[in-house]
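A.B. asks: model the following, please.
(chains A and B)
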Amino acid sequence: KNEVEQSPQNLTAQEGEFITINCSYSVGISALHWLQQHPGGGIVSLFMLSSGKKKHGRLIATINIQEKHSSLHITASHPRDSAVYICAVRSLIQGAQKLVFGQGTRLTINP
Amino acid sequence: ETGVTQSPTHLIKTRGQQVTLRCSSQSGHNTVSWYQQALGQGPQFIFQYYREEENGRGNFPPRFSGLQFPNYSSELNVNALELDDSALYLCASSLAQGFEETQYFGPGTRLLVL
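C.D. replies: You can find the predicted model right below:
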């Protein structure tokens, strides 16, 4: 079992729909990152959070430390939101801080 | 644009060869991390450098090594290439060590080992 699990692996929706991507982790963490990766490989950092909720435009990220779970929400989704969304957790492993990634959720928004 | 660049963008090597990948961080960022991303997978942490010293390492063998230079550039070297080394290699720079700050990713170098 991976230390960071995302669901769903693939998600297809219509423009305008409310999108939720989930991330669960099994290790102790000090922060969680949500990243967006477009075709071709470029990665953009969307959020870094250690508690509560953050909002940026149509994107909202929440984290529940007790339940070891985070969600990324997209309101009023648009075809340009189509990308792979990756959750990564900052964890102390073998005496060093490391970033452990989920496998990603491929989101496709159809017009 | 994240201000982080990588070169080359694509590279083809044969098994057993050595490769050097380069990353230019954002000015002022004294931390650089390298990641390997196989097709269809999330990135895997290779190692991190802070002020030119290795500051943490993932589960990668010693034939993966790195260097960080005072001018905010860095290198990832892989010796004795294996077929499974074929992947997208990403670097990311940040202001602080240990992933305490936002990571700024480069576009990646896609390596194919034949």
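A.B. asks: tell me how far residue A:78 lies from chain B.
C.D. replies: 21 Å (C-beta to the nearest C-beta, to the nearest Å). C-betas here are computed from N, CA, C, even on glycine.
A.B. asks: can you list the buried residues in the helix or strand hosting residue A:70?
C.D. replies: Applying DSSP states H and E as the criterion places residue A:70 in strand A:69-74. By neighbour count on 16 or more other C-beta atoms under 10 Å in any protein chain shown, the buried set for strand A:69-74 is A:70, A:71, A:72, A:73, A:74.
A.B. asks: can you list the residues you listed in TSV and add distance to chain B?
C.D. replies: Shown next, in TSV, are the buried residues of strand A:69-74 (distance: C-beta to the nearest C-beta, whole Å):
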residue	distance to chain B
A:70	15
A:71	17
A:72	14
A:73	20
A:74	19
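A.B. asks: any residues of chain B in contact with chain A? List them.
C.D. replies: B:2, B:33, B:35, B:37, B:40-45, B:48, B:55-58, B:88, B:90, B:92, B:97-105, B:107-108, B:110 (C-beta under 8 Å from any C-beta of the partner chain).
A.B. asks: residues contacting residue B:43?
C.D. replies: A:43, A:86, A:88, A:101, B:35, B:36, B:37, B:90 (C-beta atoms under 8 Å, 6 or more residues apart in numbering or on different chains).
A.B. asks: which residue of chain A sits farthest from its center?
C.D. replies: The centre of chain A is farthest from one residue, residue A:95, which by C-alpha atoms, centre = their mean lies 25.4 Å away.
A.B. asks: quick revisit: closest to residue B:9 out of the contacts of residue B:43?
C.D. replies: Nearest to residue B:9 out of these is residue B:90 (C-beta to C-beta; 12.2 Å).
A.B. asks: the closest one sits in which helix or strand?
C.D. replies: In this assignment (DSSP H and E), residue B:90 forms part of strand B:87-94.
A.B. asks: give the next helix or strand downstream of the helix or strand bottoming out on mean pLDDT in chain B.
C.D. replies: Least confident helix or strand of chain B, by mean pLDDT, DSSP states H and E, is strand B:53-57 with a mean of 88. As assigned by DSSP H and E, the chain's next helix or strand after strand B:53-57 is strand B:64-68.
A.B. asks: and the next helix or strand after that following strand, what does it pack onto?
C.D. replies: Going down the chain from strand B:64-68, the next helix or strand is strand B:73-78, by DSSP H and E. On a contact count with 3 or more C-beta pairs under 8 Å, 6 or more residues apart in numbering or on different chains; DSSP states H and E, strand B:73-78 meets strand B:19-24, strand B:31-37, strand B:64-68, strand B:87-94.
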